[in-house]
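Pasting the sequence and the predicted model now:
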Amino acid sequence: MTESVSIRQPQLLLLKTEEQSSFGGRQSWYPTRYSRKRGCGPTTASNLFWYLGHTRPECEALLPAKKTVKARMTELMYRVYSFVKPSLAGIYRPDRFAWGASQYGAACGVYLRARVLPVALRKSRRPDADVLRDFLFSAFEQDLPVAFLSRSNGKTDRLNRWHWVTLVGVDASLQAQMFDQADRGTVDLKQWLEHTLLGGAFVVLQPMELEGTDLVSLTETE
């Protein structure tokens, strides 16, 4: 097995603004306290759209018109928020994230299939490390970043609970490269899978070669 794999141009998610650089969008760029507190889901979705729009000509319509980097990402985040819209508890179900993201794509004329690997609360229903590794390697080999929902971080450092982040690479031991707001770091997904108390999910947005009505393809969610 390949030792590690990542998206091909992670530097596209390094946003150099007038104030400071940011690894993807920041939920602090949303205008209200409500959206800033609960906006990690639409922010992560925006990161995935940003990368697709910059790496695939057929996905350019996902992005607003060109302007300064921060203004363009902020406008994208505002648009996505209307589709990937958090409830009082945020976006805690991967099917809601996936459906909202696919609907945003369809509204832009870009048809996406969401591939979801849910991680159940009960350990007996969770995928094992090999299944997770195959899911992530498949995504990164296709140059697709991954949205990761952690409802609890278990014993994993540098990972917040009830939070979405963007994964851009992983190695065979499931050490994953993570972009989270202004920061980047490494998260031990094997440890997380073993010790998370509430589970979570991994979501990939894949452009469809042909238009169709079945926009979301989900594995069983809880």
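Perfect, I can see it now.

need the helices for this structure, in chain order.
Ranges of helices in the chain, per DSSP state H, are 33-38, 40-55, 69-81, 94-107, 129-141, 189-195.

Now tell me what touches the fourth one from outside.
Read that as helix 94-107. For helix 94-107, the external contacting residues (Cβ atoms under 8 Å, 6 or more residues apart in numbering) are 41, 45, 48-49, 62, 79-80, 82-85, 91, 111-114, 116, 118, 147, 149, 164, 200-203, 205, 215-216, 218, 221. All C-beta spots, glycine's among them, are computed from the backbone N, C-alpha and C.

Which PyMOL command selects the buried ones in the residues you listed?
This is the PyMOL syntax for the buried subset of the contacts of helix 94-107, where burial follows 16 or more other Cβ atoms under 10 Å:
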select buried, resi 41+45+48+49+62+79+80+83+84+91+111+112+113+114+116+118+147+149+164+200+201+202+203+205+215+216+218
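
Filter the contacts of helix 94-107 down to just the ones in strands.
112-114, 116, 118, 147, 149, 164, 200-203, 205, 216, 218 (DSSP state E).

And the spatially most central residue of the chain, how close does it get to Leu88?
Nearest to the geometric centre of the chain sits Ala147, at 2.1 Å (Cα atoms, centre = their mean). The gap separating Ala147 from Leu88 is 21 Å, by Cβ to Cβ, to the nearest Å.

before we move on, what about Arg151?
In terms of Cβ to Cβ, Arg151 sits 15 Å off from Leu88.
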